[in-house]
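A.B. asks: just the structure for this:
(chains A and B)
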2 protein chains.
Amino acid sequence: MTDETRHFVKELHSVKQELLAMGHIAEDRLRTAVGALVDRNTALLGEVVAGDSRLNDLQMAIDDRCFTLLALHQPVAVDLRTIVSAFKINSDLERVGDLAVNVAETAQRYLTHAPVKPLVDLPRMGDLALKMLREALDAFLGDDVGLANAVLQQDDWLDELRNQVFRELLTYMLSVPATIEPATELILISRHLERVGDHATNIAEDVIFVVEGRDVRHGASATPAVERRRPQMPSGI
Amino acid sequence: MTDETRHFVKELHSVKQELLAMGHIAEDRLRTAVGALVDRNTALLGEVVAGDSRLNDLQMAIDDRCFTLLALHQPVAVDLRTIVSAFKINSDLERVGDLAVNVAETAQRYLTHAPVKPLVDLPRMGDLALKMLREALDAFLGDDVGLANAVLQQDDWLDELRNQVFRELLTYMLSVPATIEPATELILISRHLERVGDHATNIAEDVIFVVEGRDVRHGASATPAVERRRPQMPSGI
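C.D. replies: From the prediction side, this is the model:
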């Protein structure tokens, strides 16, 4: 291994670690926002809305390092795909941080009303989206296509939870007019959480592309249909 | 200019043209979806939901060409930034295509109900989002930082329209229970259109980064505050 190759491998590893650190901050912020919604903790929501400069600093630092790696080492094949994916994953994680702010802002408006009902499916959506994000990043760190495929499968489950949340909240809105405004806010929160799952899906697709050089974005099934398990659905918001 | 440079410049121009073509298809699909919502044309909505394989084909072709350009020519500075931005813009345009499908699917559900009211602000949001997208792509094609800044300014306007749509629809929901479900669908459509504006904003920020090598994503104002005009707001959904 030449000095240059060694330097490249070390730098790439370090970029992946920074992406993981960024992922952890984004996850923490989303977990805090959903937890504060459930606990009706407006102070905590305010902290999430105030933002976290570490996320922005990390994003710009990671982009810079990726540009430097491209310019200095002119990588090809899997190394090139990894760096281009790092740019994309960096954007995805920044958006998850933005979505945590969106959840917190919407939750702040929700908390100006009386509770619609005990929240069950919404935090469940949050847990699932966070699990998908964590697994997608672990798959990126370990070039783990199997784990990436598992993330893709869970997205259907998140969509079903979203539909369930929508139908149940609509029932409340139709029977108790006072719930119309707060229930609408909860529906919007469910859409923000769905989008976190979309970003986890993007990352998982990038992992499959990096490792296999195969594009799974458009219909090409990542695993044979027979291996796709239908997830078991829970119930109650 | 060497043969290699000539080839690179030609290829880069061609990639930009393909991104523009992709942008036009995505715009058409969104315009069709919003128009079909206003005209209550379920057949047209079905066509948008069915998808457009040209978008997916173009996206993969553009990604492939960008990878080839990076691997063959090992560009630096503004050329490198342009190609990395092309990857990102490619993703943004694909998402706009997805959002057109989201609008059409939500509109299909909306059209199973009686109209809530004549739609005015929602198509206005669609027009503004499309204008922003078009201008962002034109800015990318022409390395036009002034136009990119104009796009960033219009995003505030789109957010205000979104809030206006929300407040007005809530009024309907609170006074006429039969509008609760369809009005909720319209609110969700307004959020899809807002996200189209977000993608136009991403593209505009990329243009400024490509041309100036300056990152305007996090708070750094793209223009001096004194040049930021407050847009005039229209009214009525």
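A.B. asks: contacts, neighbours, all on C-alpha from now
C.D. replies: Fine.
A.B. asks: for the residue nearest in space to the middle of chain A, helix, strand, or coil?
C.D. replies: For chain A, the residue sitting closest to the mean C-alpha position, by Cα atoms, centre = their mean, is A:Val196 at 3.6 Å. Put simply, A:Val196 is helix when judged by DSSP: H, G, I helix; E, B strand; the rest coil.
A.B. asks: close to chain B: what parts of chain A are there?
C.D. replies: Contact residues, chain A versus chain B (Cα under 8 Å from any Cα of the partner chain): A:56, A:60, A:67, A:70-71, A:74-76, A:80-81, A:84, A:88, A:170, A:173-174, A:177, A:180-181, A:184, A:188, A:215, A:218.
A.B. asks: just the buried subset of those residues, please.
C.D. replies: Burial by neighbour count, 16 or more other Cα atoms under 10 Å in any protein chain shown: within the residues of chain A next to chain B this picks out A:56, A:67, A:70-71, A:74-76, A:80-81, A:84, A:88, A:170, A:173-174, A:177, A:180-181, A:184, A:188, A:215.
A.B. asks: contacts for stretch A:100-118?
C.D. replies: Stretch A:100-118 has contacts (Cα atoms under 8 Å, 6 or more residues apart in numbering or on different chains) with A:26, A:29-30, A:33-34, A:37, A:40, A:42, A:45-46, A:48-49, A:51, A:172, A:179, A:182-183, A:185-186, A:188-189, A:192-193, A:237.
A.B. asks: at 6 Å instead, please
C.D. replies: Around stretch A:100-118, the neighbours that count as contacts under Cα atoms under 6 Å, 6 or more residues apart in numbering or on different chains are A:29-30, A:33, A:37, A:45, A:48-49, A:179, A:182, A:185, A:189.
A.B. asks: which pair in the residues you listed has the greatest spatial separation?
C.D. replies: Spanning the widest gap among the contacts of stretch A:100-118 are A:Arg29 and A:Thr179, at 27.2 Å by Cα to Cα.
A.B. asks: compare the two (neighbour count), which wins?
C.D. replies: More crowded of A:Arg29 and A:Thr179, by other Cα atoms under 10 Å in any protein chain shown: A:Arg29, with 26 against 22.
A.B. asks: what distance do you get for that one to chain B?
C.D. replies: Separation of A:Arg29 from chain B (Cα to the nearest Cα, to the nearest Å) stands at 18 Å.
A.B. asks: what strand or helix carries A:Arg31?
C.D. replies: According to DSSP states H and E, A:Arg31 maps onto helix A:3-39.
A.B. asks: list the helices and strands that helix packs on?
C.D. replies: Applying 3 or more Cα pairs under 6 Å, 6 or more residues apart in numbering or on different chains; DSSP states H and E, one finds that helix A:3-39 contacts helix A:77-110.
A.B. asks: tell me the angle of the helix it packs on relative to helix B:77-110?
C.D. replies: If you take axes from the mean of the first three to the mean of the last three Cα atoms, to 10 degrees, helix A:77-110 sits at 50 degrees to helix B:77-110.
A.B. asks: in TSV, list the contacts of stretch A:100-118 along with pLDDT.
C.D. replies: Formatted as TSV, the contacts of stretch A:100-118 follow (pLDDT from 0 to 100):
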residue	pLDDT
A:Arg29	98
A:Leu30	98
A:Ala33	98
A:Leu37	98
A:Leu45	98
A:Val48	98
A:Val49	98
A:Thr179	98
A:Pro182	98
A:Glu185	98
A:Ile189	98
